[in-house]
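**Student:** any chance you can model this:
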Amino acid sequence: MTTLRLRALGNMLDLARDHVLEQGGNNRGPVVDKIIKYAKGQLGEPWCVDTVIYAYGHAGSKHMRPGSPRAVRLMLQRGVQRVARSKARPGDVVRYVFDHTGLLVGWRRWSTSKHEYVACPRSEATHIAAVEGNTGGGGALESDSRNGGDGVHVKIRPLTVVADFLTVTA
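**Tutor:** Here you go, the predicted model:
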């Protein structure tokens, strides 16, 4: 049976594969509105945490579900706990130092021979791959373009911008 975190990760990756994007303005659009409403948020609010709630809620979480705190700094709650970087696994929540969040996809390092970031063991990683809502499709670190057009994307980010990891226990 697939674990909760892997089901949640699958849900987020499905949103990325479906090319969920803001439409008609910042933090708005048919699917974006659906995600925000599911999380019991206010239409037009930043929606990175709402996307995590959506993914985990649809995966069957008892704790990360509609009505959960929607602020990155308030995500620690019953059933959600910090996990050491050495124990973080795909599907765990990643929180960044710039008030943004997503789900860990895996560990990455730069390959000089391939000229791209490649999957690697955690011990060799300088970066992570994470799937995030309310983020641009480019390489910029910022999480919200503030002018619309953000979506759900897999991003490569340096470990230096990771604040911590959270695991959802149920």
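**Student:** residue nearest the centroid of the protein?
**Tutor:** Closest to where the C-alpha atoms of the chain average out (Cα atoms, centre = their mean) is residue 102, at 1.4 Å.
**Student:** now the helices for this structure?
**Tutor:** Secondary structure of the chain (DSSP state H): helices located at 4-17, 30-38, 48-59.
**Student:** can you put these in a markdown table and add mean pLDDT, distance to residue 153 and mean neighbour count?
**Tutor:** (C-beta placed from N, C-alpha, C; glycine too.) Shown next, in a markdown table, are the helices of the chain (pLDDT from 0 to 100; distance: least, Cβ to Cβ, whole Å; neighbours: other Cβ atoms under 10 Å):
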| stretch | mean pLDDT | distance to residue 153 | mean neighbour count |
| --- | --- | --- | --- |
| helix 4-17 | 98 | 6 | 19 |
| helix 30-38 | 98 | 13 | 18 |
| helix 48-59 | 98 | 11 | 26 |
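**Student:** nearest to residue 118, of those helices?
**Tutor:** helix 4-17 (18.4 Å; Cβ to Cβ).
**Student:** check contacts around the residue nearest to the centre of the chain.
**Tutor:** Residue 102 makes contact with 12, 48, 51-52, 93-94, 130-133, 135, 155, according to Cβ atoms under 8 Å, 6 or more residues apart in numbering.
**Student:** any buried residues in stretch 117-127, and which?
**Tutor:** Along stretch 117-127, these residues count as buried under the neighbour rule (16 or more other Cβ atoms under 10 Å): 117, 120, 125, 127.
**Student:** among those, which one lies nearest to residue 170?
**Tutor:** Closest to residue 170, out of all of the buried residues of stretch 117-127 and judged by Cβ to Cβ, is residue 125, at 27.9 Å.
**Student:** any idea how far the closest one is from residue 83?
**Tutor:** Going from residue 125 to residue 83 by Cβ to Cβ, to the nearest Å gives 16 Å.
**Student:** how far out from the middle of the chain is the strand ranked longest in the chain?
**Tutor:** Looking across the chain with DSSP state E, the single longest strand is strand 101-111. With Cα atoms, centre = their mean, to the nearest Å as the basis, strand 101-111 stands 11 Å off its chain's centre.
**Student:** wait, which of the helices of the chain is closest to residue 161?
**Tutor:** Once these are compared by Cβ to Cβ, helix 48-59 is nearest, at 13.9 Å.
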